[in-house]
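[1] Mind looking at a prediction? Sequence and model below.
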Amino acid sequence: MATKILLLFTVLLIFITINKTIIDYIKGKLRAYEIIVEIPRSLNSNIILGILSIGLSLILFTLIQRDIKDVRYLYEKRYITNILQFFDEKYLDSLRSYFSNNKLIKDTFKLNLALSCFYKLLGGLATSLSGLVNFYTGIKKGQICESGIYTNKGNYKWDKIVGYKWGEYYERKLLNKKRVYYDLIIILKNSKFIAWFTKEPTKQITIRIESDDKEILDKYIRENKKLKCLNEGENKNAI
């Protein structure tokens with residue numbers, strides 16, 4: 001039963017992850033016509049988690065390669081003739097009883113190693129897929145659109161935004177090319193429960209914006225979303 005539950009959980013996780021990634025990708029493409037500015041890429045927790053997950057899955061796959069001989073041993077002995085038998089608890093119990101009654105200690109050991117190999121395979125598949133999705137989420141550009149702000153941290157509709165302000169101005173060098181950014185700080189209205197629980201009616205989200213996009217975005221927010229810049233007059237001569 002435990003093996004079947006693990007298999008079902010892994011398949012379900014893979015299905016949900018792939019489905020969500022495809023839907024997010026399609027939605028991103030459909031929003032292309034309403035993009036005001038794109039949010040530049042930056043190192044974030046999704047990228048780091050993705051790299052760590054992919055690294056862990058590679059370790060699991062390496063261990064599988066080492067242990068695959070135990071699976072082959074069971075096939076050669078004709079104990080296993082179908083891969084689905086690894087998920088048949090009744091058959092596995094009967095196989096264990098046969099080994100025990102005939103004092104086949106080595107074969108019992110090989111069966112346990114083969115089963116652990118399949119657990120590693122399921123874990124490796126789930127971990128690698130999770131890592132790839134996290135890495136993809138981390139490296140894709142966010143979008144500030146007519147319908148809302150879409151980032152790898154979350155999506156925010158304009159009707160939930162009560163104000164904004166411009167934060168730090170800073171420079172970064174990438175491959176000997178200077179890039180200039182501003183922090184756009186948006187103030188979001190908390191839900192009634194969050195506001196009651198935290199005693200805070202709003203929260204702040206910081207988004208990095210290319211300096212060339214600052215004026216375009218500021219004008220759009222003022223004229224189309226009727227939001228006031230909370231630090232109006234500051235940073236105007238920063239560049």
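    Nice, I can see it.
[2] Okay, and the spatially most central residue of the chain sits in which element?
    Compute the mean C-alpha point of the chain, and by C-alpha atoms, centre = their mean the closest residue is residue 134, 2.8 Å away. Element membership for residue 134, per DSSP states H and E: helix 105-139.
[3] That helix: which residues count as buried?
    For helix 105-139, the neighbour count (16 or more other C-beta atoms under 10 Å) marks 107-108, 110-111, 114-115, 117-138 as buried. Glycine gets a C-beta too; all of them are placed from N, C-alpha and C.
[4] Also stretch 207-220?
    Buried residues in stretch 207-220 (16+ other C-beta under 10 Å): 207, 208, 209, 210, 213, 214, 217, 218, 220.
[5] any idea how far the residue nearest to residue 50 when sequence neighbours are not counted lies from residue 102?
    Once flanking residues are discounted, residue 50 sits nearest to residue 135: 3.0 Å by C-beta to C-beta, 6 or more residues apart in numbering. Distance, residue 135 to residue 102, by C-beta to C-beta, to the nearest Å: 49 Å.
[6] which regions of the chain lie under the pLDDT threshold?
    Scanning the chain with the threshold set as pLDDT under 70 gives 1-4, 6-7, 174-175, 232-239.
[7] can you list the domains in it?
    Domain segmentation of the chain under automatic domain parsing yields 42-139, 142-224.
[8] ends of the first one, how far apart?
    From its first residue to its last, domain 42-139 covers 7 Å (C-alpha to C-alpha, to the nearest Å).
[9] How far off centre is that domain?
    23 Å (C-alpha atoms, centre = their mean, to the nearest Å).
[10] right, and the helix or strand after the helix holding residue 134?
    strand 142-145.
[11] Convert the C-alpha atoms of that next one to CSV, please.
    C-alpha atoms of strand 142-145 as CSV (Å, rounded to 0.1, in the frame of the first residue of the first chain):
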residue,chain,number,x,y,z
GLY,A,142,8.1,39.4,-14.7
GLN,A,143,5.5,41.6,-16.3
ILE,A,144,3.8,44.8,-15.4
CYS,A,145,0.6,44.8,-17.4
